[in-house]
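>>> have a look at this prediction, sequence included:
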Amino acid sequence: MKRAPEDNEERRGTSSPEMIFLGTGGARIVVFKQVRASGGIWMSLDGSQIHVDPGPGALVHLTSKRLGLDPTHLSAIVLTHKHLDHSADVNVMIEAMTEGGFHPKGAVLAPQDAYENDGVIFGYLRSYVERMEVLREGSHFQMGGLSIEVPLRLLHPVENYALRFKGGGKTISLISDTRYFPELEEVEGEEDVLLLNVVLLQSREIDHLCLEDAKRIIRARRPKLAILTHFGMTMLRAKPWELAASIEQELGTRVLAAYDHMRLDLDSDEKS
């Protein structure tokens, strides 16, 4: 049975580019206790609706009364890596995007190890999706007017990648969970938004960025806007909004600390 004609596609294509944080928690304790939500990020760019890293609770948060997002409108689901705080809801989101497979559509982009024997994407769902793509360093994907690039493989216990989205006149970069390394400071061209997963307040012997790492990267890359997210307990106790304001004052670059359900209009930089 075909769906009734809708004008949603036209409306979404002409709406302002937007980013919605379905969760800003990272690390085990924050996620397991849901001190902050862990649903990933929803992006609306050039008529495409992209869900990045749908962790635990993603579907519940995006369909909440406050956000009112419709998962059947998704164009693609992207995993930076397969750890559960980034992927736990990936299968239910594939089901939702394709309406249980009755309307196959969209794309899934994920590292190779997310598909393999110890992967996180169920085999039966793969026929529901029009495109199943494997992320590799240097790969590039086109979805209408939206471009998704994979500039770097990150340093993490599983296969994990930085991402760059270009669409709607905006360039958005995401550095997911990783140990610091110098190449993170390198960038080609201007960035409208740089998203940084900052789990740690201070450096530890685990493969995550700390606040000082984030500051070094922002100083080197000079995005128009840097957004800190994916916080562990040490960051939350230190009040990330105050830390972001301090970095902004020191570097002269606009810096925000994301919060759960934050909506950011990328044309006006207004958040709600």
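Perfect, I can see it now.

>>> any idea which helix or strand carries the nearest residue to residue 209 once chain neighbours are set aside?
Leaving out its chain neighbours, the residue that sits closest to residue 209 by C-beta to C-beta, 6 or more residues apart in numbering is residue 198, at 5.3 Å. Using the backbone N, CA and C atoms, a C-beta is placed for each residue, glycine as well. Using DSSP states H and E, residue 198 maps to strand 193-200.

>>> so for that strand, mean pLDDT?
On average, the pLDDT along strand 193-200 is 98.

>>> with stretch 116-131 instead?
96.

>>> that one spans what distance, first to last residue?
Using C-alpha to C-alpha, to the nearest Å, the end-to-end distance of stretch 116-131 comes out at 17 Å.

>>> how about it, which residues are buried there?
For stretch 116-131, burial by neighbour count (16 or more other C-beta atoms under 10 Å) applies to 119-121, 125, 128-129.

>>> let me see the contact set for the residue nearest to residue 209.
Contacts for residue 198 (C-beta atoms under 8 Å, 6 or more residues apart in numbering) come out as 209-211, 213-214, 228-231, 235, 240.

>>> again, only this time at 10 Å
26, 175, 177, 208-215, 217, 227-232, 235, 240, 243-244, 257 (C-beta atoms under 10 Å, 6 or more residues apart in numbering).

>>> which of those residues fall in helices?
With DSSP state H as the criterion, helices contain 211-215, 217, 235, 240, 243-244 from among these.

>>> ok, residue 131 - contacts?
Counting by C-beta under 10 Å, 6+ apart, residue 131 has contacts 76, 105-109, 141, 143.

>>> reformat the residues you listed as TSV; add distance to residue 149, neighbour count and pLDDT.
As requested, those are exported to TSV (distance: C-beta to C-beta, whole Å; neighbours: other C-beta atoms under 10 Å; pLDDT from 0 to 100):
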residue	distance to residue 149	neighbour count	pLDDT
76	14	24	98
105	23	16	96
106	19	24	97
107	15	20	98
108	17	24	98
109	11	24	98
141	8	16	98
143	12	20	93
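
>>> and stretch 100-115, how far from the chain's centre?
16 Å (C-alpha atoms, centre = their mean, to the nearest Å).

>>> C-alpha coordinates for that stretch, CSV please?
The C-alpha coordinates for stretch 100-115 follow below in CSV (Å, rounded to 0.1, in the frame of the first residue of the first chain):
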residue,chain,number,x,y,z
GLY,A,100,9.4,-1.9,9.2
GLY,A,101,10.8,-2.5,5.7
PHE,A,102,7.5,-1.9,3.9
HIS,A,103,9.0,1.3,2.4
PRO,A,104,12.7,0.5,1.7
LYS,A,105,14.7,3.7,1.6
GLY,A,106,17.6,5.7,2.9
ALA,A,107,21.2,4.8,3.7
VAL,A,108,23.2,3.4,6.5
LEU,A,109,26.9,4.4,6.8
ALA,A,110,29.1,2.6,9.3
PRO,A,111,32.6,1.1,9.8
GLN,A,112,33.2,-2.4,8.5
ASP,A,113,33.3,-3.9,12.0
ALA,A,114,29.8,-2.7,12.6
TYR,A,115,28.6,-5.2,9.9
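
>>> so which residues of the stretch 51-200 of the chain form helices?
58-62, 84-87, 90-97 (DSSP state H, counting those that start in this stretch).

>>> so who does residue 167 touch?
Counted by C-beta under 10 Å, 6+ apart, residue 167 has contacts 17, 43-48, 50, 142-148.

>>> then residue 160?
Residue 160 sits in contact with 79-83, 86, 111, 113, 135, 152-154, 176-178, 207, where contact means C-beta under 10 Å, 6+ apart.

>>> how near is residue 174 to residue 116?
23 Å (C-beta to C-beta, to the nearest Å).

>>> now do residue 40
Taken as C-beta to C-beta, the span from residue 40 to residue 116 is 22 Å.

>>> swap in residue 96?
24 Å.

>>> most neighbours among the contacts of residue 167, which one?
residue 43 (28 neighbours; other C-beta atoms under 10 Å).

>>> thank you kindly, that will do.
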